[in-house]
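Asks: sequence-free structure coming up:
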């Protein structure tokens, strides 16, 4: 965005996502930019929007209130294993409890040396979140069901 307005190039990407029923992800947009882009994307017909790296983005992490607003606007919030600290797992678990697992997607930002394999990182993430009180059913929702819905594999 520039001066609070979405750039024409971004509007073109939004229109492509709407036309082809693609998932629109925020990339490394700032929280403020994301909260401007999400409602415009929805207005233009994008069905699925994801706030990439909602709590650990180079563009800036969202506050709990910003995440609530993004979820209210119809976006899913992505949490990534990158690898995080115990404090980050605790914060992520608190956000899931406050907003609801239906608004989250769990994923990996792994695959680069010397990080763990994506499958190992995801397992560690699931176990850590469960250790912080997130139910196995909620892990399943965020790791399997919500992504499947984004891809149109389930209604």
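Replies: Received it, and whenever you're ready, just let me know what you need. Note that the structure is a prediction, hence the values are computed from the model and not measured.
Asks: tally of neighbours for residue 143?
Replies: A total of 19 residues lie near residue 143 under the criterion other C-beta atoms under 10 Å. Placement of C-beta: from N, CA and C, glycine included.
Asks: and residue 112, that one's in a helix?
Replies: No - membership of residue 112 in a helix is not supported by DSSP: H, G, I helix; E, B strand; the rest coil, which gives coil.
Asks: number of nearby residues for it?
Replies: Counted by other C-beta under 10 Å, the residues lying close to residue 112 total 6.
Asks: which SS class is residue 137?
Replies: Three-state assignment for residue 137 (three-state DSSP): helix.
Asks: How about the contacts made by it?
Replies: By C-beta atoms under 8 Å, 6 or more residues apart in numbering, the contact set of residue 137 is empty.
Asks: per-residue pLDDT, the closest residue to residue 60 other than its chain neighbours?
Replies: Distance criterion C-beta to C-beta, 6 or more residues apart in numbering; nearest residue to residue 60, sequence neighbours excluded, is residue 30 at 4.9 Å. Looking at residue 30, its pLDDT is 93.
Asks: And stretch 62-69, what's buried?
Replies: Applying a neighbour-count criterion of 16 or more other C-beta atoms under 10 Å, the buried positions in stretch 62-69 are 62, 66-69.
Asks: Over to stretch 39-53?
Replies: Within stretch 39-53, the residues that count as buried by 16+ other C-beta under 10 Å are 39-42, 46-53.
Asks: Tabulate these (TSV), appending secondary structure, distance to residue 136 and pLDDT.
Replies: TSV is the format used below for the buried residues of stretch 39-53 (DSSP: H, G, I helix; E, B strand; the rest coil; distance: C-beta to C-beta, whole Å; pLDDT from 0 to 100):
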residue	secondary structure	distance to residue 136	pLDDT
39	helix	34	98
40	helix	36	98
41	helix	32	98
42	helix	31	98
46	coil	31	98
47	coil	28	96
48	strand	25	97
49	strand	27	98
50	strand	23	98
51	strand	24	97
52	coil	25	94
53	coil	24	92
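Asks: Could you identify the pair within these that is furthest apart?
Replies: Spanning the widest gap among those are 47 and 53, at 21.2 Å by C-beta to C-beta.
Asks: low-scoring stretches of the chain, by residue?
Replies: 57, 59 (pLDDT under 70).
Asks: How about residue 18: what's its closest non-neighbour residue?
Replies: Nearest to residue 18 is residue 45, by C-beta to C-beta, 6+ apart, at 3.8 Å.
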